[in-house]
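Colleague: Generate a structure from the sequence data that follows.
(one chain, ligands or ions: 2)
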Amino acid sequence: MKSLLLSEYSHLEVADMPFPAVAPDEVLVRVEACGICGSDAHGYDGSSGRRIPPIVMGHEAAGTIESAGSAVRGFAAGDRVTFDSTVYCGACAFCASGDVNLCDNR
Ligand SMILES: [Zn+2]
Ligand SMILES: [Zn+2]
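Modeller: Ligands and ions are numbered 1, 2, ... in the order given. Predicted coordinates for the structure are as follows:
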C-alpha cells in the first residue's frame with residue numbers, strides 16, 4: 001500500500017509498504033483523507049522529538065474499514081470511520097481521570 005514515509009528527518013517519500021496484519025481486536029482502515037497536524041510539521045524536521053524515522057506519517061485521518069478482526073463488534077468492512085490515534089494504557093492515573101493524552105505509557 002502507498003504510504004508517506006518519513007525516511008529521515010526533513011525527507012518524505014511515497015513508499016510501498018506491506019499491508020499490516022489485522023489482530024483480532026483491530027480493524028484495517030483504507031485511508032481516504034488525511035490531515036497534516038502541527039505535530040507532523042515539527043516531527044518532520046525532528047525539532048519535537050515526537051517522530052523517529054523511519055515512520056509512516058499521518059495520524060488524523062478518515063476512511064473506510066477494509067477488514068475487521070474476529071473479535072471486533074460494532075464495526076464491519078465498508079463502514080466509514082475516523083479515529084483517535086492516541087495509544088494509551090487505560091491503567092495509569094491519567095487514564096483513570098480521562099486525561100489519556102497525558103498517559104504515562106503512551
Ligand atoms: Zn495531531
Ligand atoms: Zn495510561
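
Colleague: okay, CA-based contacts and neighbour counts for the rest of this
Modeller: Noted.

Colleague: how far is stretch 45-62 from where the chain is centred?
Modeller: Chain-centre distance of stretch 45-62: 10 Å, with C-alpha atoms, centre = their mean, to the nearest Å.

Colleague: From start to finish, how long is it in a straight line?
Modeller: For stretch 45-62, the separation between the terminal residues is 25 Å (C-alpha to C-alpha, to the nearest Å).

Colleague: same check, this time on stretch 39-56
Modeller: Using C-alpha to C-alpha, the gap from the first to the last residue of stretch 39-56 comes to 14 Å.

Colleague: which element follows the helix ranked longest in the chain toward the C-terminus?
Modeller: Ordering each helix of the chain by length in residues (DSSP state H) puts helix 38-44 first. Note on helix 38-44: by DSSP states H and E, the next helix or strand toward the C-terminus is strand 55-56.

Colleague: Note down every partner strand of that following strand and its orientation.
Modeller: The strands that strand 55-56 pairs with in its sheet are strand 2-8 (antiparallel) (by DSSP bridges).

Colleague: Show me the contact partners of the strand it pairs with.
Modeller: For strand 2-8, the surrounding residues in contact (C-alpha atoms under 8 Å, 6 or more residues apart in numbering) are 12-17, 44, 53-58.

Colleague: Any residues of this protein in contact with ligand 2? List them.
Modeller: Contact residues (C-alpha under 5 Å from the ion) of the chain with ligand 2: Cys89, Gly90, Cys92, Cys95, Cys103.

Colleague: any idea how far the host helix or strand of the fourth one is from the chain center?
Modeller: If you go by DSSP H and E, Cys95 is part of helix 93-96. How far helix 93-96 lies from its chain's middle: 21 Å, per C-alpha atoms, centre = their mean.

Colleague: Pull out the buried positions in that helix.
Modeller: Phe94, Cys95 (16 or more other C-alpha atoms under 10 Å).

Colleague: same thing with stretch 44-53?
Modeller: Neighbour-count burial for stretch 44-53 flags Tyr44, Gly46, Arg51, Pro53 (criterion: 16+ other C-alpha under 10 Å).

Colleague: One more: stretch 63-80?
Modeller: By neighbour count, and taking 16+ other C-alpha under 10 Å as the criterion, the buried residues in stretch 63-80 are Gly63, Thr64, Ile65, Ser67, Ala68, Gly69, Arg80.
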